[in-house]
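Enquirer: what would the 3D arrangement of this be:
(one chain, ligands or ions: 2)
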Amino acid sequence: MGYVISVTNQKGGVGKTLTASTLASLLTEKGYNVLSVDMDPQSNFSQVAGGPGPIRRYDLKSLSILDVLKQECSIEEATVQTNIGDLVRASPNLTQWTGRSLLSRRDFHDLMERGLGAEEVVALLKERYNTGWGATEHKTLDWALRNVRQRYDFVFLDTNPSLTLLTLNSLYTADFVLIPAFTEESSRKAILELKDTIEQMKAENSDMHAEILGILITKYKKRTILAGQYLKEYERLAKSMGTVLFDARIRDGLAAAEYANQREDLVRYAPKNPVTQDYRVFADEFLERIKARGGSIRG
Ligand SMILES: Nc1ncnc2c1ncn2[C@@H]1O[C@H](COP(=O)(O)OP(=O)(O)O)[C@@H](O)[C@H]1O
Ligand SMILES: [Mg+2]
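Expert: Ligands and ions are numbered 1, 2, ... in the order given. Predicted coordinates for the structure are as follows:
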């Protein structure tokens, strides 16, 4: 049974990519079959997942999640092997796919040329809406993953910071949502927004089952008063959302800031670093939590 885990927070820079890539690395090391899907046009995950072959930065020729979402290839065809498990890379051109709306630029120009009035434009939009235009695009990744998710123990989805069709796709298909967050007001607000997004999506999609696995505090500064206050606040928040604040916390550390420049995952870059140790503790808690929520995993 493969669990799909969306590592999400609508706020950027909270440690989504570090968390997803480090978990992928540690769980691969433990012998689990892991697939990661880089859903962020910035391709940060793809850049730290090295080997066995060299991965070039903006290698536009090889297949990426963009080709999968455009339904031009299967997930298998876009999968590459890396040091930290299998990976479907991102493409900087992902916005090509997410930028679509009920009316394209081309449509707009056509309409202007034909000189249609407001009523006719509204009628066209209504017709598109009613015939399901854009109604199923948030399910594209789910369809793509359908055939492969059973082959893996875990599928990690590393998402982009803002709420786009990419994030919606990752939430729709997720079994669990893992939320990395700082002890800061903007981070707290982002968690509430994410909760609203998930609830709204569930109200519109009865088949959606994403459950918030928990909130993971990252860049934790132990002895500050603010961090202490937020811990209590987050515990309350987690409880009110029917989830948990993980006991494990990821401290603020230089290695975590440096690893990405090295084009390696954190575990390879700094295996004995305290931040890596924090992630090891978290990986065990993560597995326990999945077992508690979902049941069977190997090992
Ligand atoms: N625990 C940490 N301590 C110090 N720096 C961190 C920590 N976690 C993440 N960072 C750094 O913060 C930045 C954002 O992290 P990243 O994982 O890319 O966030 P996101 O994917 O949410 O945008 C990166 O430069 C990263 O190296
Ligand atoms: Mg990221």
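
Enquirer: dump the C-alpha coordinates for stretch 201-214 into CSV.
Expert: Presented in CSV, the C-alpha positions along stretch 201-214 are these (Å, rounded to 0.1, in the frame of the first residue of the first chain):
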residue,chain,number,x,y,z
MET,A,201,-12.0,21.1,-1.7
LYS,A,202,-13.5,18.3,0.3
ALA,A,203,-16.9,20.0,0.2
GLU,A,204,-16.7,20.0,-3.6
ASN,A,205,-15.1,16.6,-4.0
SER,A,206,-16.7,13.8,-2.0
ASP,A,207,-14.0,11.3,-3.1
MET,A,208,-11.2,13.4,-1.6
HIS,A,209,-9.7,12.0,1.6
ALA,A,210,-6.6,14.0,2.4
GLU,A,211,-5.9,14.0,6.1
ILE,A,212,-3.6,16.4,7.8
LEU,A,213,-0.9,14.2,9.2
GLY,A,214,0.6,16.9,11.4
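
Enquirer: can you mark which positions in the helix or strand residue 215 falls within are buried?
Expert: Element membership for residue 215 (DSSP states H and E) is strand 211-220. Within strand 211-220, the residues scored as buried using 16 or more other Cβ atoms under 10 Å are 212-220. To be clear about C-beta, it is placed using only N, CA and C from the backbone, and glycine gets the same treatment.

Enquirer: ok, now stretch 264-280?
Expert: For stretch 264-280, by 16+ other Cβ under 10 Å, it's 264-270, 273, 275-276, 278-279.

Enquirer: in the stretch 51-200 of the chain, what spans have low per-residue confidence?
Expert: 51-61, 99-102, 132-133 (pLDDT under 70).

Enquirer: okay, and the beta partners of the residue in it positioned nearest to ligand 2?
Expert: Nearest to ligand 2 in the stretch 51-200 of the chain, going by Cβ to the ion, is residue 158, at a distance of 6.0 Å. Beta-bridge pairing of residue 158 under DSSP bridges involves residue 7, residue 38.

Enquirer: ligand 2 versus the nearest residue to residue 82 once chain neighbours are set aside, what's the distance?
Expert: In space, and not counting its chain neighbours, residue 82 is closest to residue 49: 4.0 Å by Cβ to Cβ, 6 or more residues apart in numbering. Per Cβ to the ion, to the nearest Å, residue 49 is found 13 Å from ligand 2.

Enquirer: please apply the same query to residue 23.
Expert: Relative to ligand 2, residue 23 is positioned 13 Å away (Cβ to the ion).

Enquirer: was I right to think that residue contacts residue 283?
Expert: Yes: between residue 23 and residue 283 a contact is recorded at 6.1 Å, counting by Cβ atoms under 8 Å.

Enquirer: mind checking the backbone torsions on the residue of the stretch 51-200 of the chain found nearest ligand 1?
Expert: Taking Cβ to the nearest ligand atom as the measure, the stretch 51-200 of the chain has residue 161 as its residue closest to ligand 1, at 5.9 Å. When read as degrees, to the nearest 10, the backbone of residue 161 gives phi -60, psi -40.

Enquirer: count of residues packed around it?
Expert: Residue 161 has 17 neighbours, counted by other Cβ atoms under 10 Å.
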